[in-house]
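Asker: Sequence first, predicted model second:
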Amino acid sequence: MARIMTLKEAVAELVRDGDKVAMEGFTHLIPYAAGHEVIRQQRKGLTIIRMTPDILYDQLIGMGCVDKLVFSWGGNPGVGSLHRLRDAVEKQWPKPLALEEHSHAAMANAYEAGAAGLPCAIFRGYRGADLAKVNENIKSVTCPFTGEKLAAVPSIRPDVAIIHANRADRQGNVLIEGIVGVQKEAVLAAERSIVTVEEIVDDLAPPSPNSCVLPSWTVSAVVEVPGGAHPSYVQGRYPRDNAFYKAWDPIARDRDAFKAWMQENVMEKGPEAFAAYAGERA
């Protein structure tokens, strides 16, 4: 059953060195506050998993938390490259970074397979593509019923999944509204999970027609962090901070500028900085 905890407590207990960590959210509800707490607690040796790694994963990589990235597409959306990711791959700074690249379809199917407790995902994909030549975890199988050749990838089973959501009730039931990526599947596939939310309420009802509810028994910890998805957005709460995504590009290009920004804005601040932002934009 979900426990209501502080962010510091949840990360200290549930995120461990060497873990496979999925921090999901598709343009919307990206768990920045939780990711920053992982950085502050200086977790090391992580394998981080995400369908569309953007600035948050650039920060985790640049701060030396990560050994491996499992992903499908990576970049600063609408702006360009992730410069800390590139520096790690091309120049091994601050440490070498292993890559395992998939398609969006493969990642989505792998999360679903993990949530179902299956060892692999089988789907139609990678036809005419060369990615299998550089990723040994992309295989093919023949359907025993039709003879059709299909793609196969290992299921994704994170040690811990971290997501941000709109709200939760005091029992730990979680409501997601707006654009939904693979947050639900990531939590169901993971051994442990942390869900940060904009608010904890007495009653979730009535849910919206496109809501995605995670019952409390699927979640390890719920943490109230208003503004915890900034600079991404939360439907009905605050918009995407497009200016931040643009501003990140020159910061991330330079190692010293990056380290100075992270020290001032992450290492020396806590989740209250996100709460202040939420109050300004409400």
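Answerer: Thanks, I have it.
Asker: And the helices in this protein?
Answerer: 7-14, 32-40, 55-62, 83-91, 104-115, 183-189, 242-253, 255-262, 272-281 (DSSP state H).
Asker: TSV for those helices, including distance to residue 132?
Answerer: Placement of C-beta: from N, CA and C, glycine included. Formatted as TSV, the helices of the chain follow (distance: least, C-beta to C-beta, whole Å):
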stretch	distance to residue 132
helix 7-14	34
helix 32-40	30
helix 55-62	24
helix 83-91	20
helix 104-115	10
helix 183-189	23
helix 242-253	31
helix 255-262	34
helix 272-281	40
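Asker: which stretch among those comes nearest residue 143?
Answerer: Residue 143 sits nearest to helix 104-115 of all the helices of the chain, at 15.2 Å, using C-beta to C-beta.
Asker: before we move on, the earlier item: which stretch in the helices of the chain is the model least sure about?
Answerer: Ranked by mean pLDDT, the helices of the chain bottom out at helix 272-281, which scores a mean of 72.
Asker: Burial check on the closest residue to residue 89 other than its chain neighbours, number of neighbours?
Answerer: In space, and not counting its chain neighbours, residue 89 is closest to residue 97: 5.4 Å by C-beta to C-beta, 6 or more residues apart in numbering. Residue 97 has 20 neighbours, counted by other C-beta atoms under 10 Å.
Asker: check contacts around the nearest residue to residue 84 once chain neighbours are set aside.
Answerer: Distances taken as C-beta to C-beta, 6+ apart put residue 62 closest to residue 84, at 3.3 Å, once the chain neighbours are dropped. By C-beta atoms under 8 Å, 6 or more residues apart in numbering, residue 62 lies in contact with 84, 87, 88, 94, 252, 258, 262.
Asker: From residue 33, how far out is the spatially closest residue to the fourth one that is not a sequence neighbour?
Answerer: Yep, that's residue 94 we're talking about. In space, and not counting its chain neighbours, residue 94 is closest to residue 64: 4.4 Å by C-beta to C-beta, 6+ apart. Distance, residue 64 to residue 33, by C-beta to C-beta, to the nearest Å: 20 Å.
Asker: related to what we said a few turns ago, buried subset of the contacts of residue 62 as a PyMOL selection?
Answerer: Buried residues among the contacts of residue 62 (16 or more other C-beta atoms under 10 Å), as a PyMOL selection:
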select buried, resi 84+87+88+94+252+258+262
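Asker: Let me know the closest of the contacts of residue 62 to residue 71.
Answerer: Distances from residue 71 to these, taken by C-beta to C-beta, are shortest for residue 88, at 12.9 Å.
Asker: hang on, isn't that closest one packed against residue 94?
Answerer: Yes. Under the criterion of C-beta atoms under 8 Å, residue 88 makes contact with residue 94 at 7.2 Å.
Asker: More neighbours: residue 64 and residue 33, which one.
Answerer: Higher neighbour count among residue 64 and residue 33: residue 33, with 26 against 16, using other C-beta under 10 Å.
Asker: need the contact list for the more buried one.
Answerer: Taking C-beta under 8 Å, 6+ apart as the test, what residue 33 contacts is 7, 164, 196, 225, 227, 228, 229, 230, 271, 274.
Asker: And for residue 66?
Answerer: By C-beta under 8 Å, 6+ apart, the residues touching residue 66 are 46, 47, 48, 57, 60, 88, 97.
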